[in-house]
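Chemist: Fold the following, please.
(one chain, ligands or ions: 2)
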Amino acid sequence: MTAKRDYYEILEVDRSADEATIKSAYRKKAMQFHPDRNQGDAGAEEKFKEATEAYEVLKDAEKRRMYDQYGHAGVQGSGYQYGGGFQGFDLSDALRAFMRDFGGSMFDDFFDPTGRGGRGRRSNQGEDLRVKFALTLEEVATGVERTIKVNRMLRCDVCAGSGVAAGSSKKQCPQCKGIGQVRTVQRTFLGTIQQVSTCNVCRGTGEIISDPCKSCSGDGRVRGTSNVKVKVPPGVTTGNYMSIDNMGNAGPHGGEAGDLIVVFEEKEHEHFTRHGDNVIYELPISFTTAALGGEVSVPTISGFETLAIPAGTQSGKVLKLKGKGIPRLHHSGKGDQLVQVTVWVPTKLSSDDKKVLQRLADSESFSPPRADKSFFEKLRSTLGV
Ligand SMILES: [Zn+2]
Ligand SMILES: [Zn+2]
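Modeler: Ligands and ions are numbered 1, 2, ... in the order given. Prediction:
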């Protein structure tokens, strides 16, 4: 059993610190030493547990009073099964205590930069890689399967990732004697303070390579490329991504590979504009079709469709081709194609055309409706002019 450190000292707060100060001091320590952030670092885990234990006592007025008066003995066996030392305060209890008071949400954002949640990282896991994947609107509509070339770190074939030259083997780290951690003991007027930290010679592995592999210089991985098959479901949009397990960089010294994150990017289309699952298309129609109505052949993302134009269609009117848009991602059904009609006005007229139009111009049904006089009178009286 090792001597316990003073709780106030662990949290680095004054003996007169109020509850809020204690809470914020603990939060700072816990964030620093949280196991999610220090995978495999036993020293950090100890510190996390130690800080949590200190917090559990100091945040409770009654326990704090007992501690102030009698020291560690005063809070031993007071419902906390610490056992003889820090070892007795189990990590899951400490994690629970932290989650109880600080929740998990801000933590997830904080520690998972990819926002994926999911599996935890080990210290020698390779990095995730991010690649862009451009696709046309047609490819978005149907989904696409394409093989892409990815530059990444691969496991070294020569040493099978170990980093050790053939015929040689890893040796026990002389600094930590294979434990991966170093303990330093300090004597102070408060008692003995013991600190555990990761060995800086072997970086916590407990082993060193005296004869490194020539091919990878002992890293266990080399630069290379991989062909990765990417199967994109229909309906993705710019910013959507897909994570492909183990296709990121191989980890050093035989560590598990990171993931490949494929981020989709939709290319702009010459004729169509996407709006969610709908596709917008601008259709110019003749002035006569607008007036008389008729049928027009319209391109869609999946071929031509016949669209009925009702008689008297005004410019700007939006007509719908139901189910002719983009498939909904991971759902059944499709969006619509929205056809925005513009009435095209002829710019070159023969003299015969002109004669016909001149006659129509005189027809009363060819004048657009206008706001009548009473509207303007009302407006004027409202404005007082
Ligand atoms: Zn190698
Ligand atoms: Zn070592």
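Chemist: Could you use CA atoms for every contact and neighbour count after this?
Modeler: Noted.
Chemist: Beyond the longest helix along the chain, next helix or strand please.
Modeler: Looking across the chain with DSSP state H, the single longest helix is helix 42-58. Going down the chain from helix 42-58, the next helix or strand is helix 61-70, by DSSP states H and E.
Chemist: Now do that next one: everything it contacts.
Modeler: With contact meaning CA atoms under 8 Å, 6 or more residues apart in numbering, helix 61-70 is reached by 57, 58, 73, 74, 75.
Chemist: can you map out the strands along the stretch 151-300 of the chain?
Modeler: Along the stretch 151-300 of the chain, counting by DSSP state E, counting those that start in this stretch, strands occupy 171-172, 181-188, 191-198, 207-208, 221-232, 241-244, 260-266, 272-275, 278-286, 294-300.
Chemist: residue boundaries of the helices in this structure?
Modeler: With DSSP H as the criterion, the chain has helices spanning 7-11, 19-33, 42-58, 61-70, 72-75, 91-102, 105-111, 137-142, 287-292, 351-362, 373-383.
Chemist: For the longest helix of the chain, the averaged confidence score.
Modeler: Computed over helix 42-58, the mean pLDDT rounds to 89.
Chemist: Kindly state the pLDDT recorded for residue 81?
Modeler: As summarised for this prediction, residue 81 has a pLDDT of 37.
Chemist: What is the burial count for the spatially closest residue to residue 314 that is not a sequence neighbour?
Modeler: The spatial neighbour of residue 314 that comes closest, neighbours along the chain excluded (CA to CA, 6 or more residues apart in numbering), is residue 290 at 6.8 Å. The number of residues packed near residue 290 is 21, by other CA atoms under 10 Å.
Chemist: doesn't residue 311 make contact with residue 290?
Modeler: Yes: here residue 290 reaches residue 311: they are 6.1 Å apart, a contact under CA atoms under 8 Å.
Chemist: who touches whatever residue of the stretch 1-150 of the chain ends up closest to ligand 2 in this structure?
Modeler: Nearest residue of the stretch 1-150 of the chain to ligand 2 (CA to the ion) works out as residue 41 at 12.6 Å. Residues in contact with residue 41 (CA under 8 Å, 6+ apart) are 35, 197, 198, 204.
Chemist: and which of those residues is nearest residue 266?
Modeler: Using CA to CA, residue 35 comes nearest to residue 266 of the contacts of residue 41, at 38.8 Å.
Chemist: The closest one and residue 46 touch, don't they?
Modeler: No: judged on CA under 8 Å, residue 35 makes no contact with residue 46 at a distance of 9.5 Å.
Chemist: which residues sit against stretch 174-187?
Modeler: Counting by CA under 8 Å, 6+ apart, 42-43, 172-173, 192-199, 201-207 sit against stretch 174-187.
Chemist: Report the buried residues of that stretch.
Modeler: Judged by neighbour count using 16 or more other CA atoms under 10 Å, the buried positions of stretch 174-187 are 175, 176, 178, 179, 180, 181, 182.
Chemist: same thing with stretch 11-26?
Modeler: By neighbour count with 16+ other CA under 10 Å, stretch 11-26 contains the buried residues 11, 22, 23, 25, 26.
Chemist: Export those as CSV, with columns for distance to residue 140 and pLDDT.
Modeler: Converted to CSV, the buried residues of stretch 11-26 look like this (distance: CA to CA, whole Å; pLDDT from 0 to 100):
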residue, distance to residue 140, pLDDT
11, 54, 94
22, 53, 93
23, 50, 90
25, 50, 93
26, 49, 92
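Chemist: Check those and tell me the two furthest apart.
Modeler: Greatest spatial distance among the buried residues of stretch 11-26 (CA to CA): 11 and 23, at 9.3 Å.
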